[in-house]
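Student: Task: produce atomic coordinates for the following.
(2 chains)
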Amino acid sequence: MKNTDVRTRMAPSPTGDMHVGSMGVLLKNYAFAKKNGGKFILRIEDTDKEREVPGAIGRIQDIITAYGLDWDEGPGKGGAYGPYIQSERMQLYTDMANDLIKKGKAYYCTCSRERLETLRDSQRAAKVPPKYDKFCRDRQDEVSREIAAGKDYVIRLKTPDNQDVTFTDLLRGKITFNTASIDDQVLLKSDGYPTYHLAVVVDDHSMNISHIMRGEEWISSTPKHVLLYHAFEWDMPVFAHMPIYLNPDGKGKMSKRKGTVSAQSFLDRGYLPEALLNFFMILGWAHPEEKEILTLDEYIQHFDPKDVSSKSVVFDLKKLDWINGMYIRQLSLSELETKIAPFVPNTFPTEMVSGVLPLIHERLEKLSDFEELTTFFIGDIEIPTDLLLKKSTASDVAQQLEQTITGLEESTDWTIESIETVIRSLQEKHNWKRNQYFMMIRVATTGKKATPPLFETMQLIGKPGILERLRTALQNCN
RNA sequence: GGCCCCAUCGUCUAUCGGUUAGGACACCAGGUUUUCAUCCUGGGAAGCGCGGUUCGACUCCGCGUGGGGUCACCA
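Tutor: So this is what the prediction gives:
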């Protein structure tokens, strides 16, 4: 196969917002296609009409774009293998299902959902794996009459008895299942829609997909697909099952039960798309030199699905935070200002933002940290007396405050330098303990013991605000 | 429970039969600094167990154990 024949795809279903795990898999598909000069296809698998969420297709496209990625063929882009939305390809699935019937590889089934349910219940009670009992498989004449009489039916795959099905996973090597553990999978549902299993195989083949990179949770349904490829007598694509993301506590697949998991939610929480992508890159895969901060281009250059770890990986938020901080620090102040805008509270004066950013830039781990790091710049603050007096007595602190207020009042300028001059000379003149005095002023003017550099902060807060806070602090001493 | 996958520091990884088992995050300590952060330096921290194969196993094989996935007319 020529490199240019590499065609990868991501096939989300519009049942809600895209999961971070899906974005991680999407990135790998994207990168591998780019690396080989191939095509990355976006296909929408909307074959479950009950679970479909209106607007989800648009949101899927938007989130991919928001992460800075795109697709070569798919909704909104077109392509030679369209349409790329499965509900617009219905005829194809029906034809293929019928083809299988003709070949004797599939059969009609009129079992009711109720019958199937009671069957499963009794199997579970008997502690045997729940599976269809192939009731209709050998009574096709009867089934045909029932269908003619208007009964609902599905088309099932005629899974061979007790036969090994083997396929090669790019990361794991040969994987074998016995058909004894494989159900007579429904291919065409009673509402006429194909199931996932029929639709993926038909589409991956008809869209000429060369590499199927998907989550590890699909391994156990891969033999069903292999059976279908055999039944259709089609060539098989390369399968590569990617590690799934485990909850930060290491227990189980990342799920909504343990926090928000949509790709969008991470953007909402103040993570940069580039940082998220970087995190996905090094989760389960390592750069040849173990470089951990890398650009999309560097990733594309080095990424190979066969080098990906075959074990599930914990979604380590601490590492993500670190990466995000790195990316934020790499931003220019104007870029930061643009990106952080959605996280600036309405109550924060817009004109102050550009002044505050240089002071908090390297303190930001997430864009959403803005609020926490800047509350004391505006409005009324709480001045904890215990912190104020921590390393001195009330009378000494009162004296320091009085002198500082006078000194600042008399100063005609309000620059970082002028403030520093006043405070430093006061400290030297009275021989005050520098750490105590500086910290006391910090607490008096911000209410906090951890802030950006003191004089810059004071300058930004402004003379009236600082004097007011110092006077309030003075009152607290009495 | 059946079937399948997986197994190196707490986490993500390097190693691809011969290494003092390396790096990163996190953690701890120190330095720089008016605090915090950044930055710099240092430290603790790992081959799941038992058998084989081999001159030699983290590396190959088997079993056990543990973790994960999956068992729908959902994807």
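
Student: Going by neighbour count, list what's buried in the lowest-mean-pLDDT helix or strand in chain A.
Tutor: When each helix and strand of chain A is scored by mean pLDDT, DSSP states H and E, helix A:385-388 comes last, with a mean of 86. Buried residues in helix A:385-388, counted by 16 or more other Cβ atoms under 10 Å: A:387-388. Where you see a C-beta, it was placed from the backbone N, CA and C, and this is true even at glycine.

Student: Does RNA strand B have contacts with the helix or strand following it?
Tutor: Using DSSP states H and E, the helix or strand that follows helix A:385-388 towards the C-terminus is helix A:394-410. No - using Cβ under 7 Å from any atom of the strand, helix A:394-410 never reaches RNA strand B; the gap is at least 13.3 Å.

Student: Go ahead and produce CSV holding the CA coordinates of helix A:394-410.
Tutor: Taking Å, rounded to 0.1, in the frame of the first residue of the first chain, the C-alpha atoms of helix A:394-410 are listed here in CSV:
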residue,chain,number,x,y,z
ALA,A,394,-0.4,45.8,67.7
SER,A,395,1.2,49.0,68.7
ASP,A,396,4.3,48.5,66.5
VAL,A,397,2.1,47.6,63.5
ALA,A,398,-0.1,50.6,64.2
GLN,A,399,3.0,52.8,64.2
GLN,A,400,4.2,51.2,60.9
LEU,A,401,0.9,51.8,59.3
GLU,A,402,0.6,55.4,60.4
GLN,A,403,4.1,56.2,59.0
THR,A,404,3.4,54.3,55.8
ILE,A,405,0.1,56.2,55.3
THR,A,406,1.8,59.5,55.9
GLY,A,407,4.7,58.6,53.6
LEU,A,408,2.4,57.6,50.7
GLU,A,409,0.1,60.5,51.2
GLU,A,410,3.0,62.9,50.9
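
Student: Return the residues of the stretch 51-200 of chain A in contact with RNA strand B.
Tutor: A:51, A:111-113, A:116, A:120, A:127, A:129-132, A:152, A:154, A:172-173, A:175-178, A:181, A:183, A:186, A:189-191, A:193, A:195-197.

Student: Drop anything exposed from those.
Tutor: Neighbour-count burial within those applies to A:111, A:116, A:132, A:154, A:175, A:177, A:186, A:189, A:193, A:195-197; the criterion is 16+ other Cβ under 10 Å.

Student: Please identify which helix or strand holds A:Glu146.
Tutor: Using DSSP H and E, the element containing A:Glu146 is helix A:140-148.

Student: What is that helix packed up against?
Tutor: With contacts taken as 3 or more Cβ pairs under 8 Å, 6 or more residues apart in numbering; DSSP states H and E, helix A:140-148 sits against strand A:106-109.

Student: got the contact list for the strand it packs on?
Tutor: A:97, A:100-101, A:132, A:135-137, A:140, A:143-144, A:147, A:153-158, A:184, A:186-187, A:231 (Cβ atoms under 8 Å, 6 or more residues apart in numbering).

Student: What remains of those residues if I keep only buried residues?
Tutor: Neighbour-count burial (16+ other Cβ under 10 Å) applied to the contacts of strand A:106-109 gives A:97, A:100-101, A:132, A:136-137, A:143, A:153-158, A:184, A:186-187, A:231.

Student: Cross-check the contact I'm expecting between A:Arg9 and A:His205.
Tutor: No - using Cβ atoms under 8 Å, A:Arg9 is not in contact with A:His205, being 11.7 Å away.

Student: can you pull out the helices in the stretch 251-400 of chain A?
Tutor: Ranges of helices within the stretch 251-400 of chain A are A:263-268, A:273-282, A:296-302, A:317-330, A:333-340, A:350-360, A:370-374, A:385-388, A:394-410, based on DSSP state H, counting those that start in this stretch.

Student: what's the closest of those to A:Leu27?
Tutor: Closest approach to A:Leu27 among these is made by helix A:273-282 (5.1 Å; Cβ to Cβ).

Student: just the angle between the closest one and helix A:317-330, please?
Tutor: 140 degrees (axes from the mean of the first three to the mean of the last three Cα atoms, to 10 degrees).

Student: and helix A:273-282 with RNA strand B, contact?
Tutor: Yes - counting by Cβ under 7 Å from any atom of the strand, RNA strand B has neighbours in helix A:273-282: A:Ile282.

Student: any weak-confidence spans in the stretch 1-150 of chain A?
Tutor: In the predicted model of the stretch 1-150 of chain A, residues A:1-4 satisfy pLDDT under 70.

Student: Let me see the contact set for A:Lys224.
Tutor: A:157, A:182-183, A:185, A:197.

Student: swap in A:Arg434?
Tutor: Each residue near A:Arg434 by Cβ under 8 Å, 6+ apart is listed here: A:Gln427.

Student: Compute the distance between it and A:Phe348, please.
Tutor: Relative to A:Phe348, A:Arg434 is positioned 32 Å away (Cβ to Cβ, to the nearest Å).
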